[in-house]
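1. 3D, please:
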Amino acid sequence: MAVHNPRHGNPLIKQAVLRPGNFSELFSLWHRFPNAVPFAGGTALIRVGSDPVRGASQEHPELPEHILSLERLEDLRSITRTERYLEIGAMVYLNEIIALGKTVPSAFSQTLQGIAGPQVRNLATLGGNICIAGDVTAPLTALDARYELRSASGSRWVPAIRFSTEQKSLAEGELLTRIRVPLDEWESAIYRKFQIQEGEGGVLIILVQNQKDTLTRIQVVFAGEVLLREKESESFLQGKALPLNRRDVVYYRKCWETYLEGLEKPGILLRARIINAVESGILDLAD
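-> Reported below is the predicted structural model:
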(Lines give C-alpha, C1' and ligand atoms only; values in the text may rest on other atoms or scores of the structure.)
Protein backbone atom coordinates (compact mmCIF):
# COMPACT_ATOMS: atom_id res chain seq x y z
CA MET A 1 0.00 0.00 0.00
CA ALA A 2 1.30 3.49 -0.82
CA VAL A 3 0.40 6.52 1.28
CA HIS A 4 0.83 10.04 -0.05
CA ASN A 5 2.89 12.32 2.17
CA PRO A 6 1.20 15.77 2.09
CA ARG A 7 4.49 17.41 3.02
CA HIS A 8 5.51 17.05 -0.61
CA GLY A 9 3.77 18.95 -3.38
CA ASN A 10 4.30 16.17 -5.93
CA PRO A 11 1.55 13.53 -5.50
CA LEU A 12 3.81 10.96 -7.19
CA ILE A 13 6.09 10.93 -4.13
CA LYS A 14 4.61 8.30 -1.84
CA GLN A 15 5.46 6.17 1.16
CA ALA A 16 5.07 2.41 0.71
CA VAL A 17 3.57 0.81 3.82
CA LEU A 18 4.49 -2.88 3.97
CA ARG A 19 2.27 -5.05 6.19
CA PRO A 20 3.72 -8.56 6.71
CA GLY A 21 1.48 -11.11 8.43
CA ASN A 22 4.27 -13.23 9.95
CA PHE A 23 8.02 -13.17 10.54
CA SER A 24 8.78 -15.01 7.32
CA GLU A 25 6.99 -12.32 5.29
CA LEU A 26 8.59 -9.57 7.36
CA PHE A 27 12.17 -10.66 6.71
CA SER A 28 11.42 -11.37 3.07
CA LEU A 29 10.11 -7.81 2.62
CA TRP A 30 12.99 -6.38 4.61
CA HIS A 31 15.41 -8.18 2.31
CA ARG A 32 13.71 -6.64 -0.73
CA PHE A 33 13.53 -3.18 0.88
CA PRO A 34 16.58 -2.98 3.20
CA ASN A 35 15.97 0.72 3.92
CA ALA A 36 12.46 0.09 5.24
CA VAL A 37 11.89 1.41 8.78
CA PRO A 38 9.96 -0.81 11.26
CA PHE A 39 6.82 0.96 12.49
CA ALA A 40 5.07 0.17 15.78
CA GLY A 41 3.37 2.95 17.77
CA GLY A 42 4.78 5.71 15.61
CA THR A 43 5.90 8.02 18.43
CA ALA A 44 9.55 7.79 17.32
CA LEU A 45 8.63 8.94 13.82
CA ILE A 46 6.79 11.90 15.36
CA ARG A 47 9.97 12.77 17.24
CA VAL A 48 11.96 12.56 14.00
CA GLY A 49 9.56 15.07 12.52
CA SER A 50 10.00 17.62 15.30
CA ASP A 51 11.38 21.05 14.57
CA PRO A 52 14.93 21.22 16.02
CA VAL A 53 14.73 25.02 16.38
CA ARG A 54 11.22 25.64 17.74
CA GLY A 55 10.83 22.27 19.40
CA ALA A 56 7.33 21.85 17.98
CA SER A 57 6.19 19.06 15.69
CA GLN A 58 6.15 19.83 12.02
CA GLU A 59 2.68 19.86 10.49
CA HIS A 60 3.67 17.03 8.15
CA PRO A 61 6.74 15.18 9.51
CA GLU A 62 8.85 13.63 6.78
CA LEU A 63 8.34 9.87 6.65
CA PRO A 64 10.76 7.23 5.36
CA GLU A 65 10.18 5.96 1.84
CA HIS A 66 9.29 2.45 3.01
CA ILE A 67 7.50 1.74 6.30
CA LEU A 68 7.53 -1.82 7.63
CA SER A 69 4.34 -1.98 9.69
CA LEU A 70 4.37 -4.52 12.54
CA GLU A 71 0.65 -4.26 13.35
CA ARG A 72 -0.26 -7.74 12.01
CA LEU A 73 2.45 -9.62 13.93
CA GLU A 74 0.40 -10.92 16.85
CA ASP A 75 3.43 -12.57 18.47
CA LEU A 76 4.76 -9.08 19.19
CA ARG A 77 1.64 -8.24 21.22
CA SER A 78 1.71 -11.20 23.62
CA ILE A 79 2.27 -11.07 27.38
CA THR A 80 3.07 -14.25 29.32
CA ARG A 81 4.09 -14.89 32.89
CA THR A 82 5.92 -17.75 34.56
CA GLU A 83 7.03 -18.08 38.18
CA ARG A 84 10.35 -16.49 37.29
CA TYR A 85 9.72 -14.16 34.36
CA LEU A 86 7.35 -11.72 32.75
CA GLU A 87 7.70 -11.90 28.96
CA ILE A 88 6.37 -8.97 26.96
CA GLY A 89 6.14 -8.61 23.19
CA ALA A 90 7.90 -5.59 21.73
CA MET A 91 4.60 -4.23 20.32
CA VAL A 92 2.80 -4.13 23.68
CA TYR A 93 1.72 -0.59 24.55
CA LEU A 94 3.09 1.01 27.72
CA ASN A 95 -0.36 1.45 29.29
CA GLU A 96 -1.10 -2.25 28.75
CA ILE A 97 1.90 -3.10 30.93
CA ILE A 98 0.85 -0.62 33.63
CA ALA A 99 -2.60 -2.24 33.65
CA LEU A 100 -1.05 -5.54 34.75
CA GLY A 101 -0.76 -4.02 38.23
CA LYS A 102 1.37 -5.71 40.86
CA THR A 103 2.58 -8.33 38.39
CA VAL A 104 4.97 -5.66 37.08
CA PRO A 105 8.08 -4.95 39.23
CA SER A 106 7.64 -1.65 41.06
CA ALA A 107 10.63 0.15 39.52
CA PHE A 108 9.45 -0.79 36.02
CA SER A 109 5.84 0.24 36.67
CA GLN A 110 6.82 3.60 38.21
CA THR A 111 9.03 4.37 35.23
CA LEU A 112 6.27 3.56 32.75
CA GLN A 113 3.83 5.83 34.60
CA GLY A 114 6.37 8.66 34.42
CA ILE A 115 6.56 8.56 30.61
CA ALA A 116 4.62 11.38 28.93
CA GLY A 117 0.82 11.28 29.33
CA PRO A 118 -1.84 8.56 28.95
CA GLN A 119 -2.48 9.40 25.29
CA VAL A 120 1.17 8.87 24.36
CA ARG A 121 1.41 5.71 26.49
CA ASN A 122 -1.58 4.32 24.58
CA LEU A 123 0.49 4.59 21.38
CA ALA A 124 4.07 4.06 22.53
CA THR A 125 5.32 0.48 22.59
CA LEU A 126 7.84 -1.12 24.91
CA GLY A 127 10.13 -2.13 22.04
CA GLY A 128 10.01 1.36 20.59
CA ASN A 129 10.99 2.97 23.90
CA ILE A 130 13.89 0.55 24.26
CA CYS A 131 15.15 1.22 20.74
CA ILE A 132 15.20 5.01 21.25
CA ALA A 133 17.04 4.50 24.58
CA GLY A 134 14.02 5.83 26.47
CA ASP A 135 13.21 5.81 30.18
CA VAL A 136 12.58 2.05 30.38
CA THR A 137 16.30 1.45 29.81
CA ALA A 138 17.02 2.19 33.48
CA PRO A 139 14.64 -0.27 35.20
CA LEU A 140 15.12 -3.02 32.61
CA THR A 141 18.90 -2.81 33.04
CA ALA A 142 18.63 -2.76 36.84
CA LEU A 143 16.25 -5.74 36.77
CA ASP A 144 18.65 -7.74 34.55
CA ALA A 145 16.10 -8.03 31.75
CA ARG A 146 16.99 -9.77 28.50
CA TYR A 147 15.90 -8.95 24.95
CA GLU A 148 15.14 -11.34 22.12
CA LEU A 149 16.55 -10.15 18.79
CA ARG A 150 15.24 -11.94 15.72
CA SER A 151 16.53 -12.04 12.15
CA ALA A 152 15.90 -14.15 9.06
CA SER A 153 18.52 -16.64 10.27
CA GLY A 154 17.18 -17.11 13.80
CA SER A 155 17.02 -15.40 17.19
CA ARG A 156 19.32 -14.58 20.09
CA TRP A 157 18.93 -13.21 23.62
CA VAL A 158 21.07 -10.35 24.93
CA PRO A 159 21.21 -8.70 28.38
CA ALA A 160 19.59 -5.25 28.58
CA ILE A 161 22.86 -3.68 29.71
CA ARG A 162 24.71 -5.07 26.70
CA PHE A 163 22.01 -3.89 24.31
CA SER A 164 22.18 -0.36 25.75
CA THR A 165 25.96 -0.01 25.83
CA GLU A 166 26.97 -1.57 22.52
CA GLN A 167 27.27 0.90 19.66
CA LYS A 168 25.34 -1.33 17.30
CA SER A 169 23.10 -3.57 19.36
CA LEU A 170 20.81 -4.48 16.48
CA ALA A 171 22.52 -5.99 13.47
CA GLU A 172 21.29 -5.14 9.99
CA GLY A 173 17.96 -6.84 9.35
CA GLU A 174 17.44 -7.66 13.03
CA LEU A 175 14.31 -6.86 15.08
CA LEU A 176 13.68 -6.59 18.82
CA THR A 177 10.78 -9.00 19.44
CA ARG A 178 10.48 -9.93 23.15
CA ILE A 179 11.51 -8.60 26.53
CA ARG A 180 12.03 -11.00 29.44
CA VAL A 181 11.85 -9.36 32.89
CA PRO A 182 12.91 -11.40 35.94
CA LEU A 183 10.37 -11.35 38.80
CA ASP A 184 12.92 -11.31 41.62
CA GLU A 185 11.76 -9.98 44.99
CA TRP A 186 13.23 -6.57 45.87
CA GLU A 187 12.60 -5.19 49.37
CA SER A 188 13.13 -1.63 48.15
CA ALA A 189 12.81 0.04 44.75
CA ILE A 190 13.57 3.74 44.32
CA TYR A 191 12.66 5.66 41.16
CA ARG A 192 13.86 9.19 40.36
CA LYS A 193 13.38 11.11 37.12
CA PHE A 194 15.47 14.18 36.27
CA GLN A 195 14.90 16.84 33.63
CA ILE A 196 17.56 19.55 33.78
CA GLN A 197 16.96 21.14 30.39
CA GLU A 198 15.83 20.11 26.91
CA GLY A 199 17.69 16.96 25.96
CA GLU A 200 19.38 16.49 29.35
CA GLY A 201 17.81 14.26 31.94
CA GLY A 202 17.20 10.63 32.70
CA VAL A 203 15.94 8.01 35.15
CA LEU A 204 17.70 6.62 38.23
CA ILE A 205 16.72 3.24 39.68
CA ILE A 206 17.96 1.82 43.00
CA LEU A 207 17.03 -1.80 43.85
CA VAL A 208 17.82 -3.40 47.21
CA GLN A 209 17.56 -6.94 48.56
CA ASN A 210 18.29 -7.84 52.18
CA GLN A 211 18.08 -10.90 54.36
CA LYS A 212 18.38 -11.15 58.13
CA ASP A 213 19.70 -7.58 58.48
CA THR A 214 22.28 -8.11 55.76
CA LEU A 215 22.39 -6.27 52.44
CA THR A 216 22.55 -9.15 49.97
CA ARG A 217 22.19 -7.24 46.68
CA ILE A 218 22.02 -3.68 45.43
CA GLN A 219 21.76 -2.45 41.83
CA VAL A 220 21.88 1.24 40.87
CA VAL A 221 21.39 2.33 37.26
CA PHE A 222 21.01 5.74 35.64
CA ALA A 223 19.89 5.97 32.01
CA GLY A 224 19.87 9.19 30.02
CA GLU A 225 22.21 10.25 27.23
CA VAL A 226 24.53 7.63 28.69
CA LEU A 227 23.95 4.50 30.77
CA LEU A 228 25.64 4.63 34.17
CA ARG A 229 26.30 1.81 36.62
CA GLU A 230 29.07 1.91 39.22
CA LYS A 231 29.68 -1.77 40.03
CA GLU A 232 32.58 -1.34 42.46
CA SER A 233 30.35 0.40 44.99
CA GLU A 234 27.67 -2.27 44.60
CA SER A 235 30.22 -5.00 45.34
CA PHE A 236 31.47 -3.00 48.34
CA LEU A 237 28.02 -2.84 49.96
CA GLN A 238 26.93 -6.42 49.33
CA GLY A 239 27.19 -8.44 52.52
CA LYS A 240 27.23 -5.37 54.77
CA ALA A 241 25.19 -5.44 57.97
CA LEU A 242 22.10 -3.23 58.12
CA PRO A 243 21.69 -0.49 59.00
CA LEU A 244 24.79 0.76 57.16
CA ASN A 245 27.20 2.99 59.04
CA ARG A 246 27.92 6.52 57.82
CA ARG A 247 31.42 5.61 56.62
CA ASP A 248 29.91 3.14 54.18
CA VAL A 249 27.60 5.84 52.83
CA VAL A 250 30.48 8.30 52.45
CA TYR A 251 32.56 5.70 50.61
CA TYR A 252 29.64 4.86 48.34
CA ARG A 253 29.17 8.51 47.40
CA LYS A 254 32.91 8.88 46.76
CA CYS A 255 32.83 5.90 44.38
CA TRP A 256 30.13 7.59 42.31
CA GLU A 257 31.94 10.95 42.35
CA THR A 258 35.15 9.32 41.12
CA TYR A 259 33.26 7.33 38.49
CA LEU A 260 31.50 10.38 37.06
CA GLU A 261 34.65 12.54 37.09
CA GLY A 262 36.10 10.35 34.36
CA LEU A 263 33.10 10.76 32.04
CA GLU A 264 32.35 13.43 29.45
CA LYS A 265 28.60 13.17 30.14
CA PRO A 266 26.35 13.93 31.95
CA GLY A 267 26.76 17.68 32.56
CA ILE A 268 27.80 19.17 35.90
CA LEU A 269 24.30 19.97 37.15
CA LEU A 270 22.79 16.60 36.27
CA ARG A 271 25.88 14.87 37.66
CA ALA A 272 25.34 16.56 41.02
CA ARG A 273 21.66 15.59 41.04
CA ILE A 274 22.54 11.95 40.36
CA ILE A 275 25.15 11.80 43.13
CA ASN A 276 22.77 13.40 45.65
CA ALA A 277 19.96 11.00 44.67
CA VAL A 278 22.27 7.99 44.96
CA GLU A 279 23.42 9.12 48.41
CA SER A 280 19.84 9.82 49.52
CA GLY A 281 18.78 6.32 48.51
CA ILE A 282 21.63 4.73 50.42
CA LEU A 283 20.97 6.89 53.50
CA ASP A 284 17.63 5.11 53.83
CA LEU A 285 19.67 2.00 54.66
CA ALA A 286 21.92 3.77 57.18
CA ASP A 287 21.62 4.21 60.94
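2. what about Ser188, neighbour count?
-> Number of residues near Ser188 (other Cβ atoms under 10 Å) recorded here: 15. Every residue, glycine included, has its C-beta placed from N, CA and C.
3. Gly199 now?
-> 8.
4. residues contacting it?
-> Taking Cβ atoms under 8 Å, 6 or more residues apart in numbering, we find Gly199 in contact with Glu225.
5. give me phi/psi at it?
-> Gly199 adopts backbone torsions of phi 90, psi 0, taken as degrees, to the nearest 10.
6. tell me how far it lies from Gly267.
-> Counting by Cβ to Cβ, to the nearest Å, the gap between Gly199 and Gly267 amounts to 10 Å.
7. also Gly127?
-> Noted for Gly127: a distance of 29 Å to Gly267, by Cβ to Cβ.
8. more neighbours, those two?
-> A count of neighbours by other Cβ under 10 Å puts Gly127 above the other of Gly127 and Gly267, at 25 against 13.
9. buried stuff in stretch 120-139?
-> When burial is assessed from 16 or more other Cβ atoms under 10 Å, stretch 120-139 yields the following buried residues: 121, 123-131, 133-139.
10. can you give the distance of it from its chain's centre?
-> Offset of stretch 120-139 from its chain centre (Cα atoms, centre = their mean, to the nearest Å): 5 Å.
11. what is the end-to-end distance of that stretch?
-> By Cα to Cα, to the nearest Å, the extent of stretch 120-139 from end to end equals 20 Å.
12. do the same with stretch 127-143
-> Separation of the first and last residues of stretch 127-143 by Cα to Cα is 16 Å.
13. buried stuff in stretch 78-95?
-> Quick answer for stretch 78-95 (16+ other Cβ under 10 Å): 85-86, 88-95.
14. to clarify, my last question referred to stretch 196-207.
-> Under the neighbour-count criterion of 16+ other Cβ under 10 Å, stretch 196-207 has 196, 201-207 buried.
15. next step: these restricted to strands.
-> Judged by DSSP state E, the subset of the buried residues of stretch 196-207 located in strands is 196, 201-207.
16. can you tell me which of these is closest to Ala189?
-> Top of the list for closeness to Ala189, among these and by Cβ to Cβ, is Leu207 at 5.5 Å.
17. any chance of the buried residues of stretch 78-95 in a markdown table, with secondary structure too?
-> Shown next, in a markdown table, are the buried residues of stretch 78-95 (DSSP: H, G, I helix; E, B strand; the rest coil):
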| residue | secondary structure |
| --- | --- |
| Tyr85 | strand |
| Leu86 | strand |
| Ile88 | strand |
| Gly89 | strand |
| Ala90 | coil |
| Met91 | coil |
| Val92 | coil |
| Tyr93 | strand |
| Leu94 | helix |
| Asn95 | helix |
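18. which of the helices or strands spans Val221?
-> Per DSSP states H and E, Val221 falls inside strand 214-223.
19. which other helices and strands contact that strand?
-> When contacts are defined as 3 or more Cβ pairs under 8 Å, 6 or more residues apart in numbering; DSSP states H and E, strand 214-223 sits against helix 137-142, strand 200-211, strand 227-228, helix 231-237, helix 268-283.
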